[in-house]
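K.L.:
got a sequence here, can you build the structure:
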Amino acid sequence: MSKREFDIIIWGSTSFTGKLVSEYIYSKYGNSGINWAMGGRNLEKLKKVREQIADKDVPIIVADSFDNNSIISMVSRTKVICSTVGPYSLYGSILVGSCLETHTHYCDITGEVQWIRKMIDKYHEKGKSKKIKIVHTCGFDSIPSDMGVYFIQKELKRIKGKLANKINMRVSGIKGGISGGTYASLNNVMKEAYNDNYIFKILSNPYGLNPTNEMDGPDGKELRSIIYDNESNNWTIPFIMAGINTKVVRRSNALSNYSYGKDFKYSEATLTGKGIKGRINAIFSIIPLAIVGAKPGSIVKKLLDYFLPKPGQGPNKKMREDGFFNLRFYISLKDKSKAFAKVTGDMDPGYGSTSKMLAESALCLAFDDLPTSSGILTPSVAMGDALLKRLQENAGLNFSIKISRK
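P.N.:
From the prediction side, this is the model:
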C-alpha cells in the first residue's frame, strides 16, 4: 500500500459509538505515532465532538455516505477506514466499494447478516485479488465469539495436538445498555427480512455467511425456545446475538480451509440458572426477546420504537463502566475429552467494550504483521494472533482455558 496521509480515519465520529472510538484512541494513544482523523458528514458536529474528547490537532474530514466522489476522496487518504455509520445496509455499501477501489483496509461493527452476505457476494473475490481486508463484526458481535473459538482451537492444538469438534458458548453474565443506532440497525434488518424472502432465508440459514456452494453443515438452526442444557446444568434461552455470532464462527472455519474440521459444531445460548428458579428466570427473560422481534409496523413495535433510544442516544458513562460480559465455552474433543474456556470483558459489551475492540481492530489492520488472507473476512481470519494480543493487552478482554487430563 502506498504512503497515506493517515493511518486511520474514524468514519462516523459524531455517532454514539464513533465518539467512543475516537475518545478511546485519543485518550490511549493521542497523536503519538498514529496519524488519525475524525470523519463525518457535518462539520459543526465534528468540531463539537472534537472539542469534547480531543484537541484541535486531530484533523477533521467531511464526506457524504451517498456521494461517491467525496467518499473516494476521504478513503484514498488513509490506510484504514474504521466505520461506525449504520444501519450499514443503508449507509455502508458505497464506502466498502470505495475501499476496494482505493486499496484501503476496512473494519466495522455491523451485525447485519443480510448486508454482510451482499458484500461477500459482490466484493469478496475482488478483495482477494487486490489483497484488501474488509473486516465486519469487530465489536461485541462477533469478536468474543470468533476470537474465543480461535483462541480455544489454538490452545488445544498447542497443548494436546488436537482440536475441538464441538463448542457450545453460553452467556453466563452480561450487563449493558442499547443505543439508538444499534436498535435502528436491528429494525432495518427485520424490515428487510419481512420484505424479502431471500434475506429471510439467509438469516435463517446457520451457514448463511459461508462461501457460495458451502452454505451447509452439521449445525441446525439457532435456539428459539427455553431448554435445559445438560452440559452446563442450566436452563437456557436464545442469545440475541447468536444469529450473527454463530455464522461468523462458521465462516471463519470455512475461510481457514476448515481448520476446525468439516464436522465442527458451534452453538450459543444464554444461561438463566438451575432448578425451578432458573426455569422461572427463563420464562421472564424470554419475553423481552419476543417483544423485540415483533413484526415491523405492529402496535407492539411502535410502542417499542417510542420508548427505546433514538440514534445518537445510548448508555451513559457510568453504565458503560459498570457493564461487563462473561462467556463460557463448553468444549468437546473427538477423543471424548472435555475442556472449558471463558472470555470476559471489563465494560458494557455493546459500547464500552465494543469501542475498544473496534479501535484495536483498526490499529491492528494499520500497523501489525497479519495473515495474508484478504477479501470479506472475519476478525480471526483477518488478524489472528495480532488481534488476540491487542484485545488482552489493551481492550480489557481476558481469554482462559482449562483442559481435562484425559
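K.L.:
now do the end-to-end distance for stretch 314-326.
P.N.:
End-to-end distance of stretch 314-326: 21 Å, with CA to CA, to the nearest Å as the criterion.
K.L.:
enumerate the positions of that stretch that are buried.
P.N.:
Taking 16 or more other CB atoms under 10 Å as the basis for neighbour counts, the residues of stretch 314-326 that come out buried are 314-315, 319-320, 323-326. Using the backbone N, CA and C atoms, a C-beta is placed for each residue, glycine as well.
K.L.:
farthest-separated two in those residues?
P.N.:
In those, two members sit farther apart than any others by CB to CB. They are 314 and 326, at 21.6 Å.
K.L.:
show me where the stretch 51-200 of the chain has helices.
P.N.:
Under the criterion DSSP state H, counting those that start in this stretch, helices of the stretch 51-200 of the chain are mapped to 68-75, 88-91, 93-101, 113-130, 143-160, 180-195, 197-204.
K.L.:
how far does the first one sit from the chain's center?
P.N.:
Between the mean C-alpha point of helix 68-75 and the mean C-alpha point of its chain there is a distance of 25 Å (CA atoms, centre = their mean, to the nearest Å).
K.L.:
just stretch 64-75 next, same as before
P.N.:
Relative to its parent chain, stretch 64-75 has a centroid offset of 24 Å by CA atoms, centre = their mean.
K.L.:
other residues contacting it?
P.N.:
The set of residues that contact stretch 64-75 without belonging to it, under CB atoms under 8 Å, 6 or more residues apart in numbering, is 9, 11, 39, 41, 61-63, 81, 85, 91-92, 94-95, 98-99, 101-102, 104.
K.L.:
alpha carbons only: can I get that stretch in PDB?
P.N.:
Coordinates of the C-alpha atoms in stretch 64-75 are reproduced here as PDB (Å, rounded to 0.1, in the frame of the first residue of the first chain):
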ATOM      1  CA  ASP A  64     -21.300  12.200   2.400                       C
ATOM      2  CA  SER A  65     -22.200   8.500   2.600                       C
ATOM      3  CA  PHE A  66     -24.200   8.800  -0.700                       C
ATOM      4  CA  ASP A  67     -21.600  10.900  -2.600                       C
ATOM      5  CA  ASN A  68     -19.200   8.600  -4.300                       C
ATOM      6  CA  ASN A  69     -16.600  11.300  -5.100                       C
ATOM      7  CA  SER A  70     -16.500  12.600  -1.500                       C
ATOM      8  CA  ILE A  71     -16.100   9.100  -0.100                       C
ATOM      9  CA  ILE A  72     -13.400   8.200  -2.600                       C
ATOM     10  CA  SER A  73     -11.600  11.400  -1.700                       C
ATOM     11  CA  MET A  74     -11.700  10.600   2.000                       C
ATOM     12  CA  VAL A  75     -10.900   6.900   1.700                       C
END
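K.L.:
okay, now the unreliable bits of the stretch 251-400 of the chain?
P.N.:
Applying pLDDT under 70 to the stretch 251-400 of the chain picks out residues 293, 307-313.
K.L.:
next one: the stretch 51-200 of the chain
P.N.:
Across the stretch 51-200 of the chain, residues meeting the criterion (pLDDT under 70) sit at 178-183, 185.
K.L.:
give me the secondary structure label for residue 271.
P.N.:
strand (DSSP: H, G, I helix; E, B strand; the rest coil).
K.L.:
for the nearest residue to it once chain neighbours are set aside, give me its contacts.
P.N.:
Among residues not flanking residue 271 along the chain, residue 234 sits closest, at 4.3 Å (CB to CB, 6 or more residues apart in numbering). With CB under 8 Å, 6+ apart as the criterion, the residues that contact residue 234 are 170, 228, 271-274, 278.
K.L.:
then residue 260?
P.N.:
149, 153, 163-165, 252-253.
K.L.:
before we move on, the earlier item: nearest to residue 304, out of the helices of the stretch 51-200 of the chain?
P.N.:
Counting by CB to CB, residue 304 lies closest to helix 180-195 out of these; the figure is 8.5 Å.
K.L.:
so where do the strands sit in this protein?
P.N.:
Taking DSSP state E to define them, one finds strands in the chain at 6-11, 36-40, 60-62, 78-83, 105-108, 133-135, 164-175, 227-229, 234-237, 265-273, 324-333, 338-345, 375-377, 397-403.
K.L.:
for residue 210, find the nearest of the ones you listed.
P.N.:
Distances from residue 210 to each of the strands of the chain were compared using CB to CB; the minimum, 11.7 Å, belongs to strand 375-377.
K.L.:
now that closest one: buried residues?
P.N.:
In terms of neighbour count (16+ other CB under 10 Å), strand 375-377 has its buried residues at 375-377.
K.L.:
from the contact counts, what lies against that strand?
P.N.:
Under the contact definition 3 or more CB pairs under 8 Å, 6 or more residues apart in numbering; DSSP states H and E, strand 375-377 sits against helix 113-130, strand 133-135.
K.L.:
the residue lying closest to residue 126 once chain neighbours are set aside: how many residues sit nearby?
P.N.:
The spatially closest residue to residue 126, leaving aside those adjacent along the chain, is residue 100, at 5.5 Å (CB to CB, 6+ apart). Residues lying near residue 100 (other CB atoms under 10 Å) number 21.
K.L.:
what's the closest of the helices of the stretch 51-200 of the chain to residue 386?
P.N.:
helix 143-160 (11.2 Å).
K.L.:
that closest one packs against which elements?
P.N.:
strand 164-175, helix 242-255, strand 324-333, strand 338-345, helix 379-393, strand 397-403.
K.L.:
out of the helices of the stretch 51-200 of the chain, which gets nearest to residue 363?
P.N.:
For those, the distance to residue 363 is smallest for helix 143-160, at 13.9 Å, taking CB to CB.
K.L.:
report the inter-axis angle for the closest one versus helix 379-393.
P.N.:
Direction vectors for helix 143-160 and helix 379-393, defined by axes from the mean of the first three to the mean of the last three CA atoms, to 10 degrees, enclose an angle of 90 degrees.
K.L.:
hang on, the earlier thing: any idea which of the contacts of residue 234 is closest to residue 208?
P.N.:
residue 170 (22.3 Å).
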